Structures are given as C-alpha cells and as structure tokens.
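Visitor: test case, fold it:
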Amino acid sequence: MKTMQRSGTCLWNLRCIVVFRRFFVAIAAISVADVAAKDPPKSTKPVGEWAEINVDEYVPPRSEQLLQPEGLEKAEALAYYHLALRHESDGKIIAAIESLERVMELSPKQVPLADKTAELLHRSGRTKKALELLRSTQKANPNSLQALLQLSRFLATRQRSNAAAQAEAIFLGERAVKTYPLEPEAYEHLISLHALAKDRAAAARVLETALEQESRSSEYWLAIGQMTARFWGNEIHSDRGKRALLNEVHDRARFFDQKNPRVIEQVGDYYHATKQYSQAAQAFRQAIGIEPDNLSLRRKLASVYEMAGDKEKQIETLEEMITISPRDVSLRRLVAEVYLKDERFDYAVRHMRAALSLEKGQEKAYINLAQLMLQKGLPVKDAVELLEDGIFHYPDSLQLQMLLTFAYPGAQRWDDAIMAFKITEKMAMNEQPEALDQEFYFRFAAAYERGRKFDEAEKLFRKTIEILGENDPQGEDAKFAARTYNYLGYMWLEQGKNIDEAGELIKLAADFDPENGAIIDSLGWFHFLKGNYNLALENLLKAEKLIQQVDPVIFDHIAQAHAALGNHKEAISYIRKALEVEADGENAETYAARLEDYEAALGKKAQKEEAEEPASPSE
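Guide: All right, here's what the predicted structure looks like:
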C-alpha cells in the first residue's frame, strides 16, 4: 500500500527497528533527512513534490542509519529503566528488580542505579543479591567515590547485627577518606558511621583530619564548615575555641574565592545563624559590592541589622532596595512593616500607598491601609482622601463605606458623616445586618448630635438603647450602656430639655461607671441646673480629679458652680484655666465674657463689704 503526500524540500525515510526481548519490546524511531544537495533521490519528479510511505513492506536501512552497538545498548538500557519505573509504580517489585538488573548488565557504570536496585532487592528479602550487586558495581567502577560509599553505607545500615559487615563498612569509609582526601562527602560518611557506632571520639578524629587538609577550594571549606557545625551542634555557641575554629574555616572559604558572591553569601549566612552580626554584615556588604543590584543579599543584610538592633541601618538598607526596585510590591510592604514596628507611621503609609498604586488599587489594600491610618492616628484628611478614592473604584464595598463612618467624624465633616452612615446602613441591611449593632447606631447618633440635628440624634440614641437591651440583656457591657445614657442625658441638659429624664439617665450611667469623669461631670451639671449648687460643686470637683487630661468644659462648670455659690475668686481662677486651654477655641469668647463678669462681681462684692464695714473708734 502506498500513499502519496506533499512534502518540503527533503525526502524523509522512516525506519523502524524492532528489537524483541523477554517481556519487552523496544522500538527506536530514527529519522534521517536526505538533503537533496547531498544525496538527492533518483526520481523523475522534483524533490518535494511527493513522499512515499511504505506501510506493508520493510526497506532495510542504509549502514550509516544503523545504531552502533554501544548506542543500541544505551537505548535498550533506557527502555528497561523506564519499564522498571512503571513496574515499581504498579507495585510489581520483582518485575522492577528484573528490569533494573538488566539495565545494570547493559550499563554497569550506572552507580546511582545500583544503589536503587540494591535497595529494592533488600526490600524483597534478597539482601545477599543486593550486596553482590554493589560489590560488582564498585569493582566495575574502581575510581568512583559513590560506588565505594554506597557499598559501605549498605553494609552499615542493612547489616547492623553483622559485626564483620560493620567493620568492613568502617574500613571502606576509611579507604574513601584516604583515596579522596579533598572530598567532604567522604569525611561526612565516615563520621556518620562512627556516630552510628556511638564512637564520638573516632568521629572527632575524622573531623580533625578534614580540618587539617590544605585544600584551596572554597566549596571544600564550606562543606567542611557545615559538617563541623552539625557535629558540634550547640557547642559552637558556648565553646569559644570551637566557634573560633569554625569561623576560621568559613574565612578560608571566603579567602580562596573572594570574587564569588555565592561563597561570600554562605559565609554571611553562617555568621548570621551563629549570631555574629558584625561579621555577617561585613560578609554581606562584601557580596553586595560584587552584586550591588542583588536584592536578596540586601534583604539578608537588613535582617542582620534588625537582629543586631540597628534600626537605622536596617531602614537605610531597605530604602536602598526601594531605590533599586521601586516597583517591588512585596518590598514596599516589608519596608512599611519595619516603619510600623518603629512607630514611624507616616513613612509606613508612604510605602503602603506606593504598594497600593502598584497593585492598581485592590479593594483589600485600600481597606488595610485606611484601617492603619485611622488606628494609628495619622492625618485623618489623608485617610478620608484614600477612602474616597477607594469608594470611587469600589462603590459597592461595605467595608470601605463603614470606614468612612470613622473617617468623616474624625475630620469633623458631620454632614458627610451622616450621609456615610445612611449609605452604610442601607448596604449593611442587605449584606451584613449584624454590623448594624449598638456601637454603629451610637456613632450614627453622635454624628447627628455633632451636626446639631438633635431630634434625629435622640431617635438614634433611643434605638441604640433598644438594641443594647436586646443584645446585652444581662448588662455585661455596663460601660457602653453608661456612655450611651450619659451622651443622651447630657445632650438634653445642653438643650435645656427633658432635664429630669436626663438626670435619671445620667444617674443610671453613674451607677454603671462611677469612676468615669465625664459622667460625673454630667451629674454635677444636672445638679447645677436643678439649683443644687453645693452638690453640683462636689461632683464637678470629683470629675476634675477623675479626668486626667485638661478639660476646659469641666473648668467652666466648676467656675459657674463657684460663682453661683458666691465664690468669685475661685470662679475667676477656674475660668482663667478654661480660657488658657481654649484660647483659640470656639468657646474662648464665652469664657472671656464670664471672666469679666466674675471679676466685676468680685469688685462689687469687695465694694459692698467695704461699705458695710463698721467705722473704727478713732473716727
């Protein structure tokens, strides 16, 4: 059967070589291109016009297309190896072993494969066969360190109860060290054998031999350093002599390869791990001198400075990294975290905003940054600007809207705050109704109160109290309840409205939180408005002691109570305190007017007392 096909400029002859073995068929496809310029086929048709595929007849390949014996063995060995892997994955261990043994027959120099085959033989209970395989592999590879070590390792681990095998394992390990004195793996293997035999003194002697070598290889000294550190363990922290020796080993590695940043980096890693921060920083700076744009090295240097407690150098290093890679979002966040730990929040925000910009403003990034700005007391106008930008991009974000109910009050933008609360309330009803708790409505009511919309504020304060009763029927959150009662009661007092009801609310608040200075001030002011000046003054003076920070409102209240009792000197003293605190505030004019009134009253009182004073006998 023949098929005619279009082809390119070459005529391709496909050949199949079929090799049959026991349980195995290896098919090797060899494609050979006969370039027209080299050996064009004899045909009446132009090259490329057709290709002939013979399906039902065998065309012998030309001699140059045949695999050489060595190549054929490699191909067959590879096929058996893949067959072994399939058998092993199918759980057919015996079949896998047979295939691997065939591989070893075809390619006896496959040292790693001998190790795998020996392990499978041991698992199948054919330990003697495994040992024979390893011995023959070592004999076939007399110059292979791996062949020597795997035979020694098998004897040590798979024939633990055989004293002769253990002795031979040690003998082979010692032979490896003598034959390959500059191979760290040989020393590590022999040390592990002595450790297995619980002969630490012998292991220490092997280590000493390794340390005495005169290798000029940085890789050798790094490997010996790691091996030594593992052997000594925590002793390097307590034994200065051992640590000094280990330092010398790593310094040798750096000395013999001073231009290799990877070697120097590993030396820095060692010094960092052993808490020798000065040497670690020196090594990392040396590596950075070779690779100034390597951010990984600079990150390690920054970590060293952090562990050493040198915050300024840590920040300096991180800022240098930002200069190198200003668009690295993870780096920006790392720098921001450092600034946050150092409570340099403005710098932290700068990098977080840069990261936000680089991430093209993901919603979560807006939320996280806004929360940070609000929690850390950063300029609230910046938080408002950020949130407004976030809501522009994510108008359906409940979390961003909720955060605005914190930001606008902080900026004293009460109308905007009220609108933010309304939008948030509407969104939360559908998405997250549990967010509309007593705390939410308390803040909502306070926004109305500060916006001087008292009727709406009263409704929401009452709603807050109602929700509080539903959510906290046992009165566990007494301080929040006290704050709510006090806010509503004091709002009424300032309006001169519902004075008695306000008093009852404030008294209830005082019962819940008797050490709250703001509540005791409200209670004193209630008594003042009721004309109970002595009781008012008593509570107001108590409030002054309870409130640690200076509060001009309390000073004003005390001044008025003193004035009502005719204590004009005390009234003047307290109103002056209020005026000093509120010199540029909204109540400054009111306090100044009161000061004039109190001074005038004091003058009149003095004149009256002088006029009423009886004449002396001499007159």
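Visitor: other SSEs contacting the helix ranked longest in the chain?
Guide: Longest helix in the chain by number of residues (criterion: DSSP state H): helix 588-612. For helix 588-612, the contact count by 3 or more Cβ pairs under 8 Å, 6 or more residues apart in numbering; DSSP states H and E identifies helix 552-564, helix 568-581 as packing neighbours. Yep, even glycine has a C-beta here, placed from its N, CA and C like the rest.
Visitor: include distance to A96 and mean neighbour count when you put those into TSV, please.
Guide: Below are these laid out as TSV (distance: least, Cβ to Cβ, whole Å; neighbours: other Cβ atoms under 10 Å):
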stretch	distance to A96	mean neighbour count
helix 552-564	88	22
helix 568-581	88	20
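Visitor: can you add distance to Y339 and give those back as a markdown table?
Guide: As requested, the helices and strands packed on helix 588-612 are exported to a markdown table (distance: least, Cβ to Cβ, whole Å):
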| stretch | distance to Y339 |
| --- | --- |
| helix 552-564 | 35 |
| helix 568-581 | 33 |
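Visitor: possible to save those as a markdown table with distance to S278 and mean pLDDT?
Guide: A markdown table is the format used below for these (distance: least, Cβ to Cβ, whole Å; pLDDT from 0 to 100):
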| stretch | distance to S278 | mean pLDDT |
| --- | --- | --- |
| helix 552-564 | 54 | 95 |
| helix 568-581 | 52 | 93 |
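Visitor: nearest to I315, out of the ones you listed?
Guide: Among the helices and strands packed on helix 588-612, the nearest to I315 by Cβ to Cβ is helix 568-581 (37.7 Å).
Visitor: could you say what helices and strands the closest one packs with?
Guide: Contact analysis of helix 568-581 by 3+ Cβ pairs under 8 Å, 6+ apart lists helix 552-564, helix 588-612 as its packing neighbours.
Visitor: the ones you listed into JSON lines, with extra columns for distance to Y271?
Guide: Formatted as JSON lines, the helices and strands packed on helix 568-581 follow (distance: least, Cβ to Cβ, whole Å):
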{"stretch": "helix 552-564", "distance to Y271": "59"}
{"stretch": "helix 588-612", "distance to Y271": "63"}
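Visitor: quick one: distance of the longest helix of the chain to the chain centre.
Guide: With Cα atoms, centre = their mean, to the nearest Å as the basis, helix 588-612 stands 66 Å off its chain's centre.
Visitor: contacts for that helix, please.
Guide: Here helix 588-612 makes contact (Cβ atoms under 8 Å, 6 or more residues apart in numbering) with 552, 556, 559-560, 563, 566, 568-569, 571-572, 575-576, 578-579, 582.
Visitor: and the angle from it to helix 568-581?
Guide: 160 degrees (axes from the mean of the first three to the mean of the last three Cα atoms, to 10 degrees).
Visitor: got the buried residues for helix 588-612?
Guide: Across helix 588-612, burial judged by 16 or more other Cβ atoms under 10 Å covers Y591, A592, R594, L595, Y598, L602.
Visitor: just stretch 193-208 next, same as before
Guide: For stretch 193-208, a neighbour-count test (16+ other Cβ under 10 Å) marks L193, H194, A202, A203, V206, L207 as buried.
Visitor: also stretch 126-137?
Guide: Neighbour count says stretch 126-137 has R126, K129, A130, L131, L133, L134, R135, T137 buried, by 16+ other Cβ under 10 Å.
Visitor: picking up where we left off before, as TSV, the buried residues of stretch 193-208 with secondary structure would be great.
Guide: Listed next are the buried residues of stretch 193-208 as TSV, based on DSSP: H, G, I helix; E, B strand; the rest coil:
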residue	secondary structure
L193	helix
H194	helix
A202	helix
A203	helix
V206	helix
L207	helix
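Visitor: reformat the residues you listed as a markdown table; add distance to Y441 and pLDDT.
Guide: Formatted as a markdown table, those follow (distance: Cβ to Cβ, whole Å; pLDDT from 0 to 100):
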| residue | distance to Y441 | pLDDT |
| --- | --- | --- |
| L193 | 75 | 93 |
| H194 | 75 | 92 |
| A202 | 78 | 94 |
| A203 | 73 | 92 |
| V206 | 77 | 94 |
| L207 | 73 | 92 |
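Visitor: between those, which is closest to I547?
Guide: Among the buried residues of stretch 193-208, L207 lies closest to I547 (Cβ to Cβ), at 70.3 Å.
Visitor: check contacts around that closest one.
Guide: L207 sits next to Y187, I191, M227, T228, F231 when contact means Cβ under 8 Å, 6+ apart.
Visitor: closest to R153 out of the residues you listed?
Guide: I191 (12.8 Å).
Visitor: what sits against the spatially closest residue to the closest one that is not a sequence neighbour?
Guide: Nearest residue to I191 in three dimensions, chain neighbours excluded: A203, at 4.6 Å (Cβ to Cβ, 6 or more residues apart in numbering). By Cβ under 8 Å, 6+ apart, the residues touching A203 are L190, I191, H194, A195, F231.
Visitor: can I get the helix or strand hosting the second one as CSV, trimmed to CA atoms?
Guide: So the one you mean is I191. Per DSSP states H and E: I191 is located in helix 184-196. The C-alpha trace of helix 184-196 is given here as CSV (Å, rounded to 0.1, in the frame of the first residue of the first chain):
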residue,chain,number,x,y,z
PRO,A,184,34.0,16.4,52.0
GLU,A,185,31.4,13.7,51.3
ALA,A,186,34.0,11.0,52.3
TYR,A,187,34.6,12.6,55.7
GLU,A,188,30.9,13.1,56.3
HIS,A,189,30.2,9.5,55.5
LEU,A,190,32.9,8.2,57.8
ILE,A,191,31.8,10.5,60.6
SER,A,192,28.2,9.2,60.3
LEU,A,193,29.5,5.6,60.5
HIS,A,194,31.3,6.4,63.8
ALA,A,195,28.2,8.2,65.1
LEU,A,196,26.1,5.2,64.2
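Visitor: what's next to it, contact-wise?
Guide: 145, 149, 152-153, 156-157, 169-170, 173-174, 176-177, 179-180, 200, 202-203, 206-207, 209-210, 220, 223-224, 227, 231.
Visitor: what's the answer for stretch 247-254, then?
Guide: 211, 218-219, 221-222, 224-225, 228, 263-264, 266-267, 270-271, 276, 279, 283, 286.
Visitor: same check on stretch 394-411?
Guide: Counting by Cβ under 8 Å, 6+ apart, 363, 366-367, 370-371, 374, 380-381, 383-384, 387-388, 390-391, 414, 416-417, 420-421, 423-424, 427-428, 431-432, 435, 440, 443-444, 446-447, 450 sit against stretch 394-411.
Visitor: still on that earlier bit, now for the helices and strands packed on helix 588-612, which one comes closest to Q314?
Guide: That would be, of these and by Cβ to Cβ, helix 568-581, which comes in at 41.0 Å.
Visitor: CA atoms of that closest one as PDB?
Guide: Coordinates of each C-alpha in helix 568-581 appear next as PDB, following Å, rounded to 0.1, in the frame of the first residue of the first chain:
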ATOM      1  CA  HIS A 568     -15.900  84.700  92.900                       C
ATOM      2  CA  LYS A 569     -12.100  84.300  93.500                       C
ATOM      3  CA  GLU A 570     -12.400  80.500  92.900                       C
ATOM      4  CA  ALA A 571     -14.700  81.200  89.900                       C
ATOM      5  CA  ILE A 572     -12.100  83.500  88.400                       C
ATOM      6  CA  SER A 573      -9.300  81.000  88.900                       C
ATOM      7  CA  TYR A 574     -11.100  78.200  87.100                       C
ATOM      8  CA  ILE A 575     -12.500  80.300  84.300                       C
ATOM      9  CA  ARG A 576      -8.900  81.500  83.600                       C
ATOM     10  CA  LYS A 577      -7.800  77.900  83.400                       C
ATOM     11  CA  ALA A 578     -10.600  77.200  80.900                       C
ATOM     12  CA  LEU A 579      -9.600  80.300  78.900                       C
ATOM     13  CA  GLU A 580      -5.900  79.300  78.800                       C
ATOM     14  CA  VAL A 581      -6.800  75.900  77.400                       C
END
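Visitor: what's the offset of that helix from the middle of its chain?
Guide: How far helix 568-581 lies from its chain's middle: 54 Å, per Cα atoms, centre = their mean.
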